[in-house]
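[1] here are the coordinates; sequence isn't available:
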């Protein structure tokens, strides 16, 4: 829906250079607003001087009638949605003095680190939504948070391959015994792991850069094993969940934010960030007996079902629909 005279506008902002997991989740929340009667999203972009809009911009935040705005112009009843460094835009625009309710999406534990710019914004009043319980706990431990804190675990679109696995597994073609290494966040570790896998004659593909989303999901769906290499600290780390959804056996690292859904020997394998151990874990994942592999994938599918985008949307609507009383 578009903002009419009876609709409350929720204002969004992005400085968008390339696709990241953080931008993808921001776009999900933009879309969630569209699905709540009485509310409508509007978004303003800050671009580099002379730069053309990124091709993914219109795909993530569709420019339907009334959705794009040159700058924020909130009315008294409107809601301000901020994520990451959007606080800069709010303050630089002189809008931080407004009494409008603010929703702050927190996607990383680094907000709790005292030496970061993000930590300084915790003293700004807002209704905060954390993407994992680990993030919420890290924020609360700072003693600096101004406003209520909620946790809404990241949800995701379920790729079609999940439906195939669930309802017609016997119709799926046999997977190649191959490995995908999602290594763009840990390039040094990924390169070393790739050399070890090559020495062990393990067929694999090393992803050093972001791929277009459908191409990325197709790569995961075509791999027997996906090795996910998150940073040492993440707020959630969606690629591990996406790999589970695509039916690939997941080998990953602990990154704090994935502890709520990555459970070693239950729905994935968790290994330390040591190339030799990661190599051994990857080879072990490839060599799993069919019964063990099936059990691992079944529990992974259960995990994916618990993290649907519909569930995320319902939880957000509960907050947004009551924002003025919560605020």
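    Sure, I can see it. Remember, it's a predicted structure, so these values are computed and weren't measured experimentally.
[2] Check whether residue 25 really touches residue 238, as I assumed.
    Yes: using CB atoms under 8 Å, residue 25 makes contact with residue 238 at a distance of 7.5 Å. For every residue, glycine as well, the C-beta is placed using N, CA and C.
[3] who has more neighbours, the two?
    residue 238 (24 against 21; other CB atoms under 10 Å).
[4] Next, the contact list for that one, please.
    Contacts for residue 238 (CB atoms under 8 Å, 6 or more residues apart in numbering) come out as 21, 24-25, 154, 156.
[5] Could you pull out the residues contacting both of residue 25 and residue 238?
    In contact with both residue 25 and residue 238: residue 154, using CB under 8 Å, 6+ apart.
[6] ok, the contacts of residue 238 vs residue 218, which is closest?
    Ranked by distance to residue 218 (CB to CB), the contacts of residue 238 are led by residue 156 at 15.5 Å.
[7] Who are the contact partners of the closest one?
    Counting by CB under 8 Å, 6+ apart, residue 156 touches 238, 241-242, 245, 304, 307-309.
[8] From those, keep the buried residues only.
    238, 241-242, 245, 304, 307 (16 or more other CB atoms under 10 Å).
[9] now for the biggest helix by length in the chain, which elements pack on it?
    Secondary structure of the chain per DSSP state H: the longest helix is helix 290-305. Using 3 or more CB pairs under 8 Å, 6 or more residues apart in numbering; DSSP states H and E as the contact test, the elements touching helix 290-305 are helix 160-167, helix 238-245, strand 249-252.
[10] List the buried residues for that helix?
    Residues of helix 290-305 classed as buried: 293, 296-297, 299-301, 303-304 (neighbour count, 16+ other CB under 10 Å).
[11] Stretch 65-80 too?
    For stretch 65-80, the neighbour count (16+ other CB under 10 Å) marks 67, 69, 72, 74, 78-80 as buried.
[12] Repeat that for stretch 275-286.
    Of the residues in stretch 275-286, those buried (16+ other CB under 10 Å) are 275, 278-279, 281-283, 285-286.
[13] With stretch 222-234 instead?
    Under 16+ other CB under 10 Å, the buried positions of stretch 222-234 are 222-230, 233-234.
[14] Can you give me the neighbour number for residue 206?
    For residue 206, using other CB under 10 Å, the count is 19.
[15] That one and residue 65: what is the separation?
    Using CB to CB, to the nearest Å, residue 206 is found at 43 Å from residue 65.
[16] What residues does residue 211 make contact with?
    Contacts of residue 211 by CB under 8 Å, 6+ apart are residue 219.
[17] and it, which of the three is it?
    At residue 211, secondary structure determined by DSSP: H, G, I helix; E, B strand; the rest coil is coil.
[18] Make residue 1 into 54 and carry on from there
    OK, 54 is where the count begins now, so the last one is residue 264.
[19] So for residue 380, what pLDDT did the model give?
    On the pLDDT scale, residue 380 is placed at 93.
[20] hang on, it packs against residue 181?
    No: counting by CB under 8 Å, residue 380 stays clear of residue 181, with 11.7 Å between them.
[21] Please determine how far residue 374 is located from residue 368.
    For residue 374, the distance to residue 368 - CB to CB - is 11 Å.
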